[in-house]
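*Asks:* Got a sequence here, can you model it:
(chains A and B)
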There are 2 protein chains.
Amino acid sequence: MEPTPRTQIKRLPERGVYERSTVNQIIDEALICHVGFVHDGQPFVIPTIHARVGDTLYLHGSPASRMLRSIRNQPICVTVTLLDGLVLARSHFHSSMNYRSVVIIGEAREVNDPEEKTAAFEGVVEQVASGQWDYARRPTDKELKATSIIALEISEASAKVRTGDPGDDEEDYELDIWAGVIPVTTQFGQPIDDSRLKPGLISPPHLNTYQRP
Amino acid sequence: MEPTPRTQIKRLPERGVYERSTVNQIIDEALICHVGFVHDGQPFVIPTIHARVGDTLYLHGSPASRMLRSIRNQPICVTVTLLDGLVLARSHFHSSMNYRSVVIIGEAREVNDPEEKTAAFEGVVEQVASGQWDYARRPTDKELKATSIIALEISEASAKVRTGDPGDDEEDYELDIWAGVIPVTTQFGQPIDDSRLKPGLISPPHLNTYQRP
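*Replies:* Next up is the predicted model:
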């Protein structure tokens, strides 16, 4: 993707990445995104579940939500962030974090076509747990109507990535101060049975060995 | 805190929490926040490091950043999200996530007073790694000048919390479909030495046993 004036990384441009494959990887690994929209001049940022289907990002919610009602045909921003490490430098000034983030801007489009809506719903379910769409009960027509799906084309987007060691001032490398990185990862535990689980049922393999792409 | 029309949780109001202690706990546990602001009518959402000092939230960045230049005296929204679990229901429609989030709105104030700026810087450093402010090299006057700190009063804020089992439709409890929760936690690894670490230095105890409040 070509950076636009709105997505070009100006601050620390060496961290900017515009390749679609990198952007897609970050979107796909993240479990949630943060959606920014404007309501009566006030910006709001709401966490929500997303899914990428091809070059389209889908956001999922209830028709009753203020966000989904506010953003139809409006400019929005969707940001996805993965935290990879705490970067402890010899000076506080150069301490930082290792992360991968994506910012996508564009106009929100409400999805009304039942076929696209079902595909987006499947995308969201599979994004959270691959294999789950075929396993659990699919939405009825009534449930599909009671679900709002918003689409955002991934055309104006950029990624920002920081990796590796701290970058200290040259003279600080002589200080007797430890520096390095504390790795941060997201861990998934063993599935916990619902308290009303039907006797004899066990969690399926695709949830027992849960991991992100 | 009293909910205002802008922070009252309308969708699933039973998930809304307005107690300051809950709001503070979520802010303090999170390593990053997402800041929403408007620039030329377009909302932007940027991840950044934050710290709470009393009832004030501080955001930290470079004076060169588009965000920090854009938000002075402007309405912003800061959202903090902790993901606690994947909620797999018997139906896709009722599948969800367990999470704790906080939304704070208000006007961004640039911090210029050196004393408040230093206290905020300390807050940010300690928020990431408690004990680090006294350990690593403190900012010089020049570095302090090269740092932008934005303050946001935590007065118009709300938390939203989902915990526990899926809530399936009554008739779905009879289906032969497993349901439950996959716990999600953030894990911190052993500190990794900087490749240019001065020989003989080892990582200090407050980083070896790193954990969040």
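
*Asks:* From now on I want contacts and neighbour counts done on CA atoms only, so please keep to that.
*Replies:* Fine.

*Asks:* quick one: the strands in chain A?
*Replies:* A:16-17, A:33-39, A:42-48, A:50-53, A:56-61, A:75-88, A:96-107, A:109-110, A:148-153, A:156-162, A:180-188, A:192-193 (DSSP state E).

*Asks:* would you list those in CSV and tack on mean pLDDT?
*Replies:* Converted to CSV, the strands of chain A look like this (pLDDT from 0 to 100):
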stretch, mean pLDDT
strand A:16-17, 82
strand A:33-39, 95
strand A:42-48, 95
strand A:50-53, 96
strand A:56-61, 91
strand A:75-88, 97
strand A:96-107, 96
strand A:109-110, 94
strand A:148-153, 95
strand A:156-162, 95
strand A:180-188, 97
strand A:192-193, 98
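
*Asks:* Just send the ones you listed back as CSV, with distance to residue B:67 and mean neighbour count too.
*Replies:* CSV is the format used below for these (distance: least, C-alpha to C-alpha, whole Å; neighbours: other C-alpha atoms under 10 Å in any protein chain shown):
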stretch, distance to residue B:67, mean neighbour count
strand A:16-17, 16, 21
strand A:33-39, 14, 25
strand A:42-48, 13, 23
strand A:50-53, 24, 24
strand A:56-61, 24, 20
strand A:75-88, 14, 24
strand A:96-107, 13, 22
strand A:109-110, 26, 18
strand A:148-153, 22, 23
strand A:156-162, 15, 22
strand A:180-188, 25, 20
strand A:192-193, 41, 16
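
*Asks:* CSV for those strands, including distance to chain B?
*Replies:* Converted to CSV, the strands of chain A look like this (distance: least, C-alpha to the nearest C-alpha, whole Å):
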stretch, distance to chain B
strand A:16-17, 14
strand A:33-39, 6
strand A:42-48, 5
strand A:50-53, 12
strand A:56-61, 10
strand A:75-88, 5
strand A:96-107, 7
strand A:109-110, 16
strand A:148-153, 11
strand A:156-162, 11
strand A:180-188, 4
strand A:192-193, 5
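
*Asks:* dump the residue contacts of residue A:130.
*Replies:* residue A:206 (C-alpha atoms under 8 Å, 6 or more residues apart in numbering or on different chains).

*Asks:* So it versus chain B, what's the distance?
*Replies:* Note on residue A:130: its distance to chain B, by C-alpha to the nearest C-alpha, to the nearest Å, is 12 Å.

*Asks:* Can you check what angle separates the helix ranked longest in chain A from strand B:75-88?
*Replies:* As assigned by DSSP state H, the longest helix anywhere in chain A is helix A:114-128. Between helix A:114-128 and strand B:75-88, the angle comes out at 80 degrees (axes from the mean of the first three to the mean of the last three C-alpha atoms, to 10 degrees).

*Asks:* How far off centre is helix A:114-128?
*Replies:* 16 Å (C-alpha atoms, centre = their mean, to the nearest Å).

*Asks:* wait, which of the strands of chain A is closest to residue B:143?
*Replies:* Across the strands of chain A, residue B:143 has its closest neighbour in strand A:96-107 (14.5 Å, C-alpha to C-alpha).

*Asks:* Okay, now the sheet partners of that closest one, with direction.
*Replies:* Paired strands of strand A:96-107, with direction, are strand A:75-88 (antiparallel), strand A:156-162 (antiparallel) (DSSP bridges).

*Asks:* Can you tell me which of these is nearest to residue B:81?
*Replies:* Comparing the strands paired with strand A:96-107 by C-alpha to C-alpha, strand A:75-88 comes nearest, at 11.2 Å.

*Asks:* picking that back up, when you scan the longest helix of chain A, is anything in it near chain B?
*Replies:* Yes - contact between helix A:114-128 and chain B, assessed by C-alpha under 8 Å from any C-alpha of the partner chain, occurs at A:125, A:128.

*Asks:* that older thread, export the strands of chain A as a markdown table, with columns for distance to residue B:89.
*Replies:* Compiled in a markdown table, those are given as follows (distance: least, C-alpha to C-alpha, whole Å):
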| stretch | distance to residue B:89 |
| --- | --- |
| strand A:16-17 | 37 |
| strand A:33-39 | 21 |
| strand A:42-48 | 17 |
| strand A:50-53 | 18 |
| strand A:56-61 | 16 |
| strand A:75-88 | 25 |
| strand A:96-107 | 29 |
| strand A:109-110 | 25 |
| strand A:148-153 | 19 |
| strand A:156-162 | 33 |
| strand A:180-188 | 17 |
| strand A:192-193 | 11 |
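
*Asks:* about what we covered before: kindly export the longest helix of chain A (C-alpha atoms) in CSV.
*Replies:* Below are the C-alpha coordinates for helix A:114-128, written out as CSV (Å, rounded to 0.1, in the frame of the first residue of the first chain):
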residue,chain,number,x,y,z
PRO,A,114,-27.2,-11.3,4.2
GLU,A,115,-24.5,-13.2,2.4
GLU,A,116,-21.7,-10.7,3.2
LYS,A,117,-23.0,-10.5,6.7
THR,A,118,-22.8,-14.2,7.2
ALA,A,119,-19.3,-14.3,5.8
ALA,A,120,-18.3,-11.5,8.1
PHE,A,121,-19.8,-13.3,11.1
GLU,A,122,-17.9,-16.5,10.1
GLY,A,123,-14.8,-14.4,9.8
VAL,A,124,-15.2,-12.9,13.3
VAL,A,125,-15.9,-16.4,14.9
GLU,A,126,-12.9,-17.9,13.1
GLN,A,127,-10.7,-15.0,14.0
VAL,A,128,-11.3,-15.7,17.7
